[in-house]
Structure formats: C-alpha cells, structure tokens
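Asker: Pasting the sequence and the predicted model now:
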Amino acid sequence: MDDFLHWLQHETAGLLVLCAVGIAVLLLMIIRFRVEPFIALIVSGLLIALAAGLSVEDIVGTAQKSSESLLENGFAGILGHITAIVGLGTILGSMLEASGGAQLLTRKLLGAFGEKRAPLAMGLSGLVFGIPVFFDIGIFVLAPLVYVVARQGGKSILLYCLPLVAGLSMTHAFLPPHPGPVVAASLLGVDLGWIILMGLACGIPAFVVSGLLFPMWIGKRIELPVPEDMLAAAEELARKNETEGRPEPKLATVALIIGLPMVLILGATFGSITLPAGGTPLAVLTLLGNPTVALTIAVLLAFWLLGTRRGMTGKEISELTGNSLRPLGMILLVVGAGGFFGKVLAETGVGEALAGSLQSTGLPLLVSAYVISSGLRIAQGSATVAIVTTGGIVAPLLHAGDHSQAQLALIAVSIASGSIIASHVNDGGFWIISRYFGIPVKDMLKSWTVLETILSLVGFGMAALLSALLP
C-alpha cells in the first residue's frame with residue numbers, strides 16, 4: 001500500500017492517473033448524478049488533494065485560521081480578480097437592455113443594410129450587443145426582432161437567427177467582460193487588453209465563417225417558418241415599447257456606452273508599451289484602463305444617459321441593478337470552485353507531471369489547451385467549467401517556458417475556443433435557442449451544433465496561425 005501511495009503521489013505516471021481520476025469524478029458527478037458544478041469542483045478538488053497526500057491544514061487550514069488554505073486562496077485568488085468586472089458588465093448590459101438600446105441598434109442596422117442583407121444586420125447586432133450582455137440575455141432581447149425580420153423576408157428562420165447567435169456566442173467566448181475570457185486571463189496572468197486584441201483577431205474571422213457564410217448555406221437546406229406564437233409575442237413587445245412614453249436613446253449614446261470600456265482598456269495596454277514608465281500620462285491611462293475602473297465609468301454614464309435623463313427614478317435604477325446581479329451567484333460559485341480545483345492541481349505537482357507528458361508527445365501548449373478544453377466541453381456542456389478547469393491544468397505548464405503577453409492571450413483564446421465546440425443536448429444554450437426560435441432537436445444538431453464547432457475550429461486556427469507568426 002505504501003508503495004502504491006508513493007507511486008500515486010510522487011511518480012509522473014501516478015500523478016497523471018490521479019489527475020485523470022479526479023476529472024473523471026468531476027464529470028461523473030456533473031453528468032450522471034446532476035450535482036451542481038461548483039459542488040462537484042469542490043468535492044473532486046478535496047479528493048485529489050487528500051489522495052495526493054496534502055495535509056488537512058494545507059487544504060482547509062485550522063479551526064483558528066484558514067486564510068492561507070488552498071480552499072480559501074483558490075476561491076479568493078480568482079474571484080478577487082473577476083467579480084467586480086463581471087458584475088459591472090452585467091449591470092451595463094441590463095441598462096442597455098432596459099433602455100431599448102439593443103432594439104435601436106438592430107433596427108438601425110436593418111435600415112442601413114436593407115432587407116436583402118438582413119442576416120448580416122442580425123449578425124452585427126449580436127456581435128455588438130453581445131459585448132456587454134450575457135449570451136442568453138441577448139437572445140431574450142433580440143429574438144422578437146428575428147421573428148419579424150424572418151417573416152418579412154419569407155425565408156427560413158435559420159438564415160436570420162444563426163448570425164445573431166453566432167455574434168452573441170463569439171463575444172461571449174472571446175471578449176471581456178464575459179466570465180470565460182476574464183477567468184482565462186486571470187488564471188494565465190495576461191492583461192485584458194491583450195485578450196481583447198487577440199479575441200477580436202481570432203473571433204472576427206471565426207464569426208464571418210460560422211455566422212455569415214454557414215447560415216447562408218444551411219438556411220437554404222432547412223426550411224423553418226416562424227411559429228405564430230412567437231410573432232404574437234413580438235407584436236406585444238412592440239406595442240409595449242410604444243406605450244411606455246420614454247424617449248428612445250440615441251445611437252451614438254448606445255455606441256459610446258458599449259465601446260468606451262474597450263477603448264479605455266486598450267489605451268492602458270498600448271500605453272504600457274509606448275509610454276515611458278513612471279510618467280503621468282501612463283499613470284492616467286493605467287488608472288482609467290483598469291477593467292474595473294473602465295466599466296465603472298461606463299456604468300455611471302449608462303445610469304445618467306440611459307436612466308436618469310430618460311425619466312428613470314433612482315429606485316427604478318436600483319431595482320434594475322439588483323435584479324441583474326441575482327443570476328451571477330451560480331456563475332461566481334462555479335468560477336471560485338474552479339479556482340480551488342486548479343490550485344489543488346498546481347499544489348499536488350500534477351501540473352508539472354502533465355507538462356512533462358505533453359512535452360513528450362510533441363504537442364504545443366496551444367494545441368494541448370484546446371484539446372483539453374474541447375474534451376471537457378463536449379463531456380459536460382458548460383463552457384465556464386471547461387475554461388476554469390482547463391485554465392487550472394494549463395497555468396502550471398506556463399512556468400516551463402517564457403511566454404509573452406500576446407502568446408498568453410492566444411493560449412487563453414485557444415481555451416475559450418475549445419469551450420464552445422459541439423454544443424449539444426447537455427448545454428443549456430442549446431435548449432434556449434431551440435425554444436426561442438422553434439428549432440427541432442435534429443435541426444439544432446445540423447445547424448447550431450455545427451455552427452459552434454466551426455466557430456471553435458476557426459477561432460483556434462486563427463490563434464495557432466497568429467502564434468506561429470508572433471515572436
């Protein structure tokens with residue numbers, strides 16, 4: 001027994017077996033027994049830590065002090081970085097949603113591109129509005145417009161809804177302030193400005209192929225009309241908007257609020273490269289470009305421009321803010337538990353063992369990160385779980401090499417790309433799209449599942465190409 005424990009806790013093969021069993025337990029709990037992912041992450045992390053021979057004091061601390069434990073440090077290390085960013089981004093999206101900014105943006109795009117290019121307009125709506133709002137919220141808000149446009153166009157609803165959800169999915173996977181890219185940036189130690197740059201560089205081509213070209217092909221082969229009950233809901237929403245009496249926000253205001261945080265964050269990133277250290281200009285850009293500060297500025301502007309100036313009371317804004325933050329609880333719990341899981345993997349030496357094994361296979365770290373993330377995504381369905389688990393596995397491997405911020409950002413993009421591959425019946429987003437657009441399961445597999453796989457593969461392909469070109 002002692003020989004087995006020594007092999008399990010100290011030999012490379014044993015540590016890899018320990019890692020594989022831990023991940024298998026995690027997936028079994030989530031898939032087979034329907035345990036909440038954050039609970040499954042905590043349980044599997046504790047089991048790996050105990051099996052690896054870590055002391056109880058190291059894992060959970062003592063009755064008198066636990067602040068230095070793996071459990072608390074794992075949660076605090078990642079949540080301290082992302083909580084404010086994700087929370088502020090959620091509030092910003094809610095203000096844009098409640099003000100009608102999303103509908104305004106889509107209507108303007110439809111007017112600019114015309115009926116023949118309506119799919120492009122819907123795709124751009126998802127791309128732009130997807131930056132500040134969660135994937136499912138974007139569908140809830142913009143789906144009624146898809147119904148109307150699809151009815152007017154007289155073609156399959158897939159031609160209009162797929163570009164929209166492709167845009168929403170791309171921003172959700174590749175760009176802050178969404179939890180996935182923010183978590184990946186935190187775990188890998190990369191600046192969010194670089195995540196934005198590489199996310200756009202990889203995500204835009206992936207969106208064009210999956211969200212514009214593929215829908216044009218599949219929309220001609222699967223004819224799905226807009227269900228009458230969906231059209232009735234869209235008409236009811238239109239009547240409600242007409243009777244509210246509040247002035248519609250201006251397009252420039254909506255664009256300012258969506259774009260300002262990204263501009264400030266990128267300003268800090270470029271400033272750190274081009275401006276001398278210790279100077280006042282760099283200090284100002286660094287302060288304003290801190291993601292939390294940048295999003296706070298945007299939220300305050302939204303409160304004023306989209307709220308107070310349009311007749312909303314302080315109470316209404318407060319209620320809207322509180323309601324928008326309620327769904328964040330489970331997301332943050334999953335992220336925190338994933339941080340603990342990754343901390344355990346690093347502490348046990350599994351990361352170093354995995355690094356040696358991956359190096360012996362000859363697979364670049366970028367490819368390994370994508371493969372691991374893809375496998376976790378397909379197995380359990382949650383993109384967030386795939387990202388936090390893969391990030392925890394990959395982070396210790398980075399110590400073996402000297403990686404620039406751009407290279408780290410591309411590894412983060414690879415993880416994000418893997419986390420969205422092959423969406424199927426174990427993914428909540430699969431059922432949201434099926435329900436909101438009236439798409440049968442068999443047609444979802446032919447359309448949405450293929451779209452997500454194309455988005456994933458092209459995103460990863462761009463990351464691999466840029467990684468080969470960049471120093």
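Answerer: Received it, and whenever you're ready, just let me know what you need. For clarity, every value in this text was computed on a predicted model and none was experimentally measured.

Asker: pLDDT-wise, which helix or strand of the protein ranks last?
Answerer: Every helix and strand of the chain was ranked by mean pLDDT, DSSP states H and E. The lowest is helix 228-243, at a mean of 56.

Asker: For the helix or strand following that one, buried residues please.
Answerer: Sequence-wise, the next helix or strand downstream of helix 228-243 (DSSP states H and E) is helix 251-274. Using 16 or more other CB atoms under 10 Å as the test for burial, helix 251-274 gives 253-254, 257-258, 260-262, 264-269, 271-272. (Each C-beta comes from the backbone N, C-alpha and C, glycine too.)

Asker: right, and out of those residues, which lies closest to residue 126?
Answerer: Using CB to CB, residue 258 comes nearest to residue 126 of the buried residues of helix 251-274, at 12.8 Å.

Asker: Now for residue 96, how many residues are close by?
Answerer: The number of residues packed near residue 96 is 26, by other CB atoms under 10 Å.

Asker: buried sites along the strand or helix carrying it?
Answerer: Taking DSSP H and E as the criterion, residue 96 maps to helix 70-99. By neighbour count on 16+ other CB under 10 Å, the buried set for helix 70-99 is 70-75, 77-79, 81-99.

Asker: the inter-axis angle of it versus helix 251-274?
Answerer: Helix 70-99 and helix 251-274 are oriented at 140 degrees to each other (axes from the mean of the first three to the mean of the last three CA atoms, to 10 degrees).

Asker: Give the next helix or strand downstream of helix 70-99.
Answerer: Where DSSP H and E defines the elements, the next helix or strand beyond helix 70-99 is helix 101-113.

Asker: model confidence over the next helix or strand along the chain from that next one, on average?
Answerer: Using DSSP H and E, the helix or strand that follows helix 101-113 in sequence is helix 118-129. Mean pLDDT, helix 118-129: 92.

Asker: Stretch 423-438 too?
Answerer: For stretch 423-438, the mean per-residue pLDDT is 86.

Asker: cool, and stretch 191-199?
Answerer: Mean per-residue pLDDT for stretch 191-199: 96.

Asker: Can you give the distance from it to the centre of its chain?
Answerer: Centroid separation for stretch 191-199 versus its chain: 13 Å, with CA atoms, centre = their mean, to the nearest Å.

Asker: Residues contacting that stretch, please?
Answerer: Outside stretch 191-199, the residues within contact range by CB atoms under 8 Å, 6 or more residues apart in numbering are 174-176, 181-182, 184-185, 262, 265-266, 268-270, 272, 289, 291, 405-406, 408-410, 412-413, 416, 463, 466.

Asker: swap in stretch 126-141?
Answerer: With contacts defined as CB under 8 Å, 6+ apart, stretch 126-141 is touched by 89-90, 92-94, 96-97, 101-103, 105-106, 142, 163-172, 175, 177-178, 207, 211, 257-258, 262, 428-429, 432-433, 436.

Asker: hmm, which of these are the buried ones?
Answerer: Applying 16+ other CB under 10 Å to the contacts of stretch 126-141 flags 89-90, 92-94, 96-97, 101-103, 105-106, 142, 163-172, 175, 177-178, 207, 211, 257-258, 262, 429, 432-433, 436 as buried.

Asker: Can you list the helices and strands that the helix holding residue 96 packs against?
Answerer: helix 37-51, helix 56-60, helix 135-153, helix 179-188, helix 251-274, helix 291-302, helix 314-325, helix 328-348 (3 or more CB pairs under 8 Å, 6 or more residues apart in numbering; DSSP states H and E).

Asker: mind putting those in TSV, mean pLDDT and distance to residue 17 included?
Answerer: Shown next, in TSV, are those (pLDDT from 0 to 100; distance: least, CB to CB, whole Å):
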stretch	mean pLDDT	distance to residue 17
helix 37-51	91	10
helix 56-60	93	20
helix 135-153	83	36
helix 179-188	92	24
helix 251-274	90	41
helix 291-302	94	39
helix 314-325	89	41
helix 328-348	83	12
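
Asker: Thanks again, I'm all set now.
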